[in-house]
Each structure stands twice: as C-alpha cells, then as structure tokens.
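**Student:** Predicted model and sequence below, questions to follow.
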Amino acid sequence: MKHTLLILVSSMLVNNLVLVKFLGLCPFLGVSKRQETALGMGLATTFVLTLSSVLSHVAQTYLLVPLHAEYLRTIVFIVVIAVVVQFTEQVIRKTSPLLSQVLGIYLPLITTNCAVLGVALLNVQASHTIIESFMFGFGASLGFTLVLVLFAGIRERLEGADVPQPFRGSAIGLITAGLMSVAFMGFAGLIKS
Amino acid sequence: MSAGLVGSFPGGLVLEGHKSLSNQTPIRPAGLPARLIFPLRQRNGEDAPLRVSVGDHVLRGSLIAGGTHLMDPPIYASSSGQVMAFEDHDLPHPYGGSNRCVVIETDGQDESLPPLPLMDAETYSPESLLQRIHEAGIVGLGGAAFPTAAKWLKGEAAIHTLIVNGAECEPYITCDDLLLRERADEVLRGTMLLSRCLDCSTILIAVESDMPEAHRALLDTKTALGAQAAAIKIVQVPARYPAGGERQLIPMLTGREVPSGTVPAAIGILCQNVATVAAIYRSVIWGERLDSRIVTVTGDGVKTPQNLEVRLGTPLGFLIEQCGDYVTPDRQIKLGGPMMGHPVTRDTLPVTRSVNTILVTTTVGPTPTPQPCIRCGACVDVCPTRLLPQQLYWHAQARQLQATLDQHLFDCIECGCCDVVCPSHISLVHEFRQAKQTALARQQANERAAHARQRFEARQARKLREQQDRETAAQQRKSSLSQGASPKIQEALERARQKRASRHLPPASEDAS
Amino acid sequence: MLAILVLSLLFASFGWLLGLSSKHLAVQGDPLPNKIDALLPQTQCGQCGYPGCRPYAEAIARGEADIDQCPPGGDACVQALAELLGREAKSVNPAFGTEKPPAVAFIDEPRCIGCALCLPACPVDAILGAPKFMHTVIASECTGCELCLPACPVDCIDMKPLAAQPDPWRAS
C-alpha cells in the first residue's frame, strides 16, 4: 500500500512528466490558453495514459515476452495507444462536441504525446507489476493535468498583464514554464530515497 | 454603535467634511435669472416629449415637456416668461443621450398657474398619492433623480419599512442638513403622510452624527407633533462615507442587505431622501409642483458659500454670482460633491433636479498621472459593496468584459472610495464607468443582432415557402396539361378544328396536346 | 514469425472493435455553428463572402473560412470567435472590408421612383413599400448591411449614422 502510494506521489509531483522529465510539452504549450480546455485535455490524457499504461503492461507481459518479440515493443505500444486515443476521440466527440472542436488537432495528437509512450516504456524499464503500472500511469497523468491547469491559469492572468512587446505570447509562456519547473524541483526532497 | 443601528457596512472612509463652509447661514432664495434652461433628457435615456413651441408664453407651473408615463415625469416652467429656443447643451450624463434643452427668457413677473387641486387628507390612497407625485413631477432629490412614483412600484411585495434618508455623507454638501434644521416640520409631516399611505410598520429617519442641529430639530419637532409622530424613529448613523447610500444605509438600519440585481422595494423597504419627502408633502398639502430645490454652492472657489433655494433651470453662473462670485478665474466646477460629482467646464449649464451641490474649487496644480497598479489592496479594504476594485481594474484594462461582469461590475455604486485611497492615483471609477457603458452597448448590440437574425430567418422561410408554392403550382399545371387538356381548351380546339374544316383548310398539326 | 502473425491478428481485431464503437458513438448534428452564429452581428451583409451570417458560421465550423472575415462585427467579434475556438486573436482582414460606425439606410423620398427593386435586396425585409408606392426603410429593423444601395437605380438611398449606445472599449 505504502509503496503504491509512493509511486503515485512520486510520479505526480517529484518526477512530474512535464516539468521534471520534460515529456508531453506539445499539448502543455498548445492547449493551455484557457483553463476549461486545459482541464478537458488533462482529463482526456488521464484516461488515455492510464488505460494505455495498463494495456501496454498486459501486452508486454502476456504477448511480447511469451512470443520473445520484445523488439516489436515500440510498434505494439504505439498501436495500443492509437486505439485508445481513437476510442477516446469518439467518446469526446459524442459527449462534448465543443471540447472536441476546441482541442482540435491536439486530441488525436495524444497518440504522439511522448509522455504516453514514455510512461509505457518506463513501466517496462522499472519492471512494474500491473497495479504499479496503473498507479504510475494514473499518478503521472494526474500530475500532467495539474500542471496543465496551473499553467493555463497563469496564462489567463498573463493575458491581462502588461508584458513587454517582445515577450508577448509564447515567449512569456515558456519563461513561466521554466519558473514552474524550478518550483517543482522543490518537491525533490519530498521522498527520502 | 448608536441606538437604533442593527448593522454596519464594510469599507468606507472617514472624510474631512468641510460642512462649516456652507452650513453657517440659513437658506436664502436665489432670485430669478434672465434665462431658464430645461434639459429634456429623462432618467431612462429618452427625451421628454415637448409641450411648448418657440414663442409660447408660459407661467410658473406651465407644462413644458413630458408627463406621458411614470418614467417620464412632467417638466414645469419655474417662472413666467417666453420660450426662446431649443438648444443643445453639453450636460454631464455619464451614459450618453441627447442634450436638447428648452430655453425660457424670464419676464421678471414670476406669475404662477394655480396650484394642483387640493387633496382630501381623509381619502388618501396609495394610488391617488402616486398620481399626485407623478403630476407634481417629483423625482428623487438626493442626486440620482429617479422618478419617485416609478420607484414605489418596483417591488411586488408591500412596503413594510420606510427610511427617510437625511444621512448627508459626502463632504461639502449641506442642503439636506439645512432643510432639516429649517423645515423639519415638512419632513416629519411628509413622513407621516407617506407611512400612512404605505401602511408600513417601521418608520425611520436617519441623520449623520455630524449633523447635531438637524438631529435636534427633528427631535423637537417630533415632540411637538405629539402622538401622531410617535411611530417615527430618529436615528443617528456614524459619519462615514458613503453611509447615505441606500445599499449601505439599509443594512445599518435594518440588518438586511439588498440583494445584488434587485432594488430595496423587492425586500419591502422604501428609501427616500428628506428633500423628496418634503416635496411630496408640499405637493399634497399646497398643490406645489416641483420647480425649485435647495442647492449648496460651496468650495474655496466662491467668496460666500451658502445654501440657496433655486428655481430649476437656473444657470450655474447666476448662482455663483449670488454667492459673491469666483475667488479666482482659474477654477474648477463640479456638480455634486468631490467624490461623486461631475466636472463641468462651463457655468452656463442649468441646475436640474439632480443637482444638489455646486462645488467650486481653485485649481491646486496638475492632476497626478496614473501609475501602474502596485497590488496593494487598499481599494479592496474601502469598497462599501465588498467588490474587488483591483480585480475589476485588471480585467477592465485587459478588456475582458465577461470577467468584469463576473466580478459584479454593475454592483459598483461609483462612490469613489477606491479612487481616494489608490496610491498610484488610478481613476478606477472612470474605468468602471467605461466598462459599464461597453457592457450596455454590447447588450444592446446583441439584442439588435438577435432581432435581425429572427427577421432574416423569417424571410428565408418565406422565400422557401414561395418557391415551394411556385414549384407545386408549376407541377400542377404541367400534370394537368399531360393528363389531357381541360374542357375549355378542348372546346377551343374543337372550335378551331371546325373553323378550319368549314374553310376547307388542312387540319393543323396536333402539337398542342 | 508467430509473433508477427499473432500481433497482426490482434491489430485487426482492434480495428474491428474501433469500427463497431465508431458506429455506436456516431454523432448527429453539430451545435458549433449555432455557437459561432450567436457571436456574429447578424447584419446579413455578405461581406464575408457568404450569403448571410449563418452560412459564414457553418463555414467557420467546417474549417473553410477564417474568423477574421466579418467587418461589421469588428475586432471585438474576431476576438470573441478566437476565444470560443481557442485560436489566436487578430484584427479584421481588410480584404473583406473595414468596420464602419453603425448606420441605417434612409430613402430620400423626393428621389424615389417606386420601382421596388430595393425590396428583395434587403435581407431582413426592413423596407416597406410596393411597386409605384413610396418606399421607406423601417429604421429599427435596418442592420446597415448596405445591400439596398446598389439595387436602387436612381441612387436615392443614403446611410445615416445611428445614435447607438457609445462603446468606449471599441473606440479605443
């Protein structure tokens, strides 16, 4: 129990996907203009990441290892992720067409989100069990959502701020992301190794 | 807390009163100016319909405009003379509207029309009183000039609490103070009249703690009136600006807040200025139409500041002359107090029903330039409506209209407390006024757009229907032709055939059927 | 070899499952054009290149048209559309026209010949009249689209500025 909780906290804060591992930067910068869309994106990614984390662990353990086909790992993981993303896209288009329109191309691009593939591969590297995979994926995606929403909130405030002309837009956004990253380094002392 | 207070309001400022400048001398009649100017614009943004033409001779009390419905109270001539012209004057309305005015040249005779018919005290009813208030052209004399008759009708519930507002909180203004000192009788009798008509259970008259003479006058008069005035409670409120605001006074006196987006009448409370109540009394007992009011002419820019009884339509310059004229030519004039008054550039503008003070100040150097907001939060501390001026300003600067509305932009009473305390000298109230104007303009544009969309869709539907009708008619014609010609055509064809046969001509080709 | 066969079979079954779910989760209709249309000024002028505001809204929803093609809506409208669709805010594209102050059409009666050519031109039926009768524009219904101006053969229609509520943020 304690161990799984540790994995959750560690993947969410200490080893945050976006700000510490620098994975998944594309949607981080692309879908963080407004808090509502950021939350929508974060939840979609949570669903995809957690599900694909578990499914790819299943694929690794019960398909690739018995068939001695670890060399096909990347292809299999990508296909699993693509299927989950397609399914998620269909669900979102049905339940909230506006969100689907606003997320636009970034929704199918979750397939190429290096965070999703990264988590799947990290699970293999760390030899997680299925429960650990689930917690790792869930924690990582929660951290991703958290950071996305925080960044969106800051960007919304920045819209009304008197930013010097050369820094407007993505420039001040990236500076902010850098500062957030430094802030998240503070979590490093959270877990005694 | 003084006796009678059950609550307080948040924020607010204790301001230097400057009351002794103008409250040392009694009210004096201002006299008749050569010209009287009457703006036609009513509180709801529409112009009052004209009732006179150029060249008409009018008496004091002649109807010159308006009177068609409750939001269009009648405008009366305040002295006798001749209608000279209709002119446009730059009046200080923050929310736009036309500036058409009727100009009357006085003849010095000051002849009056007879007063309105006397009302029988025993047969007062709320309806007859409302009618009399409307006919007399009475509007709120506290500064906002809202038509009094319309104010009563704004709530569905019955009025159970009447508050007569004598809490003159803004610095420099002393017209209500003097009114209470000299005519407390009218105010009290007016209050009794109103409360009897409204049948309310609680009757309060509020004065500020820095108006001891007015307080004394009210208490003495109440005692003199005996049992009939026994139900009226006279309460002193702390002299903190803006204690005289409706939404601040009501929680102080009753402990109840007026919910955002509604008016006091919705929770059964009616708040009227002391001068309005006195005017109601005079209109009922003496049939007087509202054509004059008490105006405080004050400030360090006039030689002898004082309170004057002024005929509506009197130009400001005339009144300032009556008070000894300007101290220096380099002066600034504000209509109203230093917090909520409107600056005006010319003294040819007239006194209207909403002008309670003419504040003349000598220019004290350049106005400080606004600096960026330093996020100190002083504005939040003093806001009497518990808004966040800092956030409102942030969103207003960023032109984020929805965000300002989410911050309750329209609950701002524009009291100016935030302006006073801002260390960066930002004109916050000005920004909020602009945001409100923008919000109203956008709302108006949206309504027009929705209307246009409806008409467009109706037109599209009509055209589709017309097209379909045309097509079905064409179809019918075609099918009737192919099924065999109608009897009339057959007969015509038969006649043609017979004619040809009788003339021994070959038969025509059968291409018609 | 076995691995490749097994995996190909697996992927094929994934594809079949997705096909099933896509049929099951099929979407009818699209509320997005309504939301876009609600932000447009309903002038129905056609300056965007589409015959009315609704067709333009649908074109934006389909991705055919950009959001900066509406001059009567002005920069405020482009801004609102940008916020709705999560795109970059920009100004009105001058190729489609410039934003003008609100105005309504006015028929100069001495010059009107009663030809009724302006009546069908008005997208909101704001012109009252009939052939050989005097025509007049109902000012409260006119959107200022100026479509009646070219229709009039004697050029008797002028645009008069509308005294609408001032909009300080638009002016600045």
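**Tutor:** That came in fine, so what should we check first? Numbering: from 1, shown residues only, chains lettered A, B, ... in the order given.

**Student:** What residues does the stretch 401-513 of chain B have near chain C?
**Tutor:** B:401, B:434-435, B:437-438, B:440-442, B:444-445, B:448-453, B:455-456, B:458-460 (Cβ under 8 Å from any Cβ of the partner chain). For glycine as for every other residue, the C-beta is placed from the backbone atoms N, C-alpha and C.

**Student:** repeat that with 10 Å
**Tutor:** B:401-402, B:430-431, B:433-446, B:448-460, B:462-463 (Cβ under 10 Å from any Cβ of the partner chain).

**Student:** What is the burial count for residue 92?
**Tutor:** All of this refers to chain A. 19 (other Cβ atoms under 10 Å in any protein chain shown).

**Student:** my question was about chain B
**Tutor:** 16.

**Student:** wait, isn't it in contact with B:Met340?
**Tutor:** No: when contacts are counted by Cβ atoms under 10 Å, B:Pro92 is not listed as touching B:Met340 (11.5 Å).

**Student:** shared neighbours of the two, anything?
**Tutor:** Shared contacts of B:Pro92 and B:Met340 (Cβ atoms under 10 Å, 6 or more residues apart in numbering or on different chains): B:Lys334.

**Student:** Need the pLDDT of B:Pro507.
**Tutor:** Looking at B:Pro507, its pLDDT reads 66.

**Student:** List only buried entries from the residues of the stretch 401-513 of chain B next to chain C.
**Tutor:** Among these, those classed as buried by 16 or more other Cβ atoms under 10 Å in any protein chain shown are B:401, B:431, B:433-442, B:445, B:448-449, B:452-453, B:455-456, B:459.

**Student:** any idea how far B:Ile104 is from the closest residue to B:Arg346 other than its chain neighbours?
**Tutor:** Nearest residue to B:Arg346, sequence neighbours excluded (Cβ to Cβ, 6 or more residues apart in numbering or on different chains): B:Asp90, at 7.3 Å. Note on B:Asp90: its distance to B:Ile104, by Cβ to Cβ, to the nearest Å, is 19 Å.

**Student:** Go ahead and confirm B:Leu63 touches B:Val102.
**Tutor:** No: B:Leu63 is beyond contact range of B:Val102, at 11.2 Å (criterion: Cβ under 10 Å).

**Student:** So for the two, which sits in the more crowded spot?
**Tutor:** The neighbour comparison of B:Leu63 against B:Val102 (other Cβ under 10 Å) goes to B:Val102, with 27 against 17.

**Student:** you'd agree that one is in a helix?
**Tutor:** No: B:Val102 is assigned strand when assessed by DSSP: H, G, I helix; E, B strand; the rest coil, not a helix.

**Student:** Against chain A, how distant is it?
**Tutor:** Distance, B:Val102 to chain A, by Cβ to the nearest Cβ, to the nearest Å: 46 Å.

**Student:** Mind listing the residues bridging to that residue?
**Tutor:** B:Phe38, B:Phe86 (DSSP bridges).

**Student:** hang on, A:Phe144 packs against A:Asn113?
**Tutor:** Yes: between A:Phe144 and A:Asn113 a contact is recorded at 9.0 Å, counting by Cβ under 10 Å.

**Student:** So for these two, which sits in the more crowded spot?
**Tutor:** Between A:Phe144 and A:Asn113, counted using other Cβ under 10 Å, the more crowded position is A:Phe144 (29 against 24).

**Student:** Quick one: end-to-end distance for stretch B:302-316.
**Tutor:** 12 Å (Cα to Cα, to the nearest Å).

**Student:** and it, how far from the chain's centre?
**Tutor:** The chain centroid and the centroid of stretch B:302-316 are separated by 22 Å under Cα atoms, centre = their mean, to the nearest Å.

**Student:** And for stretch B:206-215?
**Tutor:** 27 Å.

**Student:** could I get the helix or strand hosting B:Arg500 in CSV with only the CA atoms?
**Tutor:** Element membership for B:Arg500, per DSSP states H and E: helix B:487-502. This file holds the C-alpha atoms of helix B:487-502, laid out as CSV (Å, rounded to 0.1, in the frame of the first residue of the first chain):
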residue,chain,number,x,y,z
PRO,B,487,-62.6,21.2,-71.0
LYS,B,488,-62.2,24.8,-72.0
ILE,B,489,-59.1,24.1,-74.1
GLN,B,490,-60.8,21.1,-75.7
GLU,B,491,-63.8,23.3,-76.7
ALA,B,492,-61.4,25.9,-78.1
LEU,B,493,-59.5,23.2,-80.1
GLU,B,494,-62.8,21.8,-81.3
ARG,B,495,-64.0,25.3,-82.4
ALA,B,496,-60.7,25.8,-84.2
ARG,B,497,-60.9,22.4,-86.0
GLN,B,498,-64.4,23.2,-87.1
LYS,B,499,-63.4,26.5,-88.4
ARG,B,500,-60.6,25.1,-90.4
ALA,B,501,-62.9,22.4,-91.8
SER,B,502,-65.5,25.0,-92.8
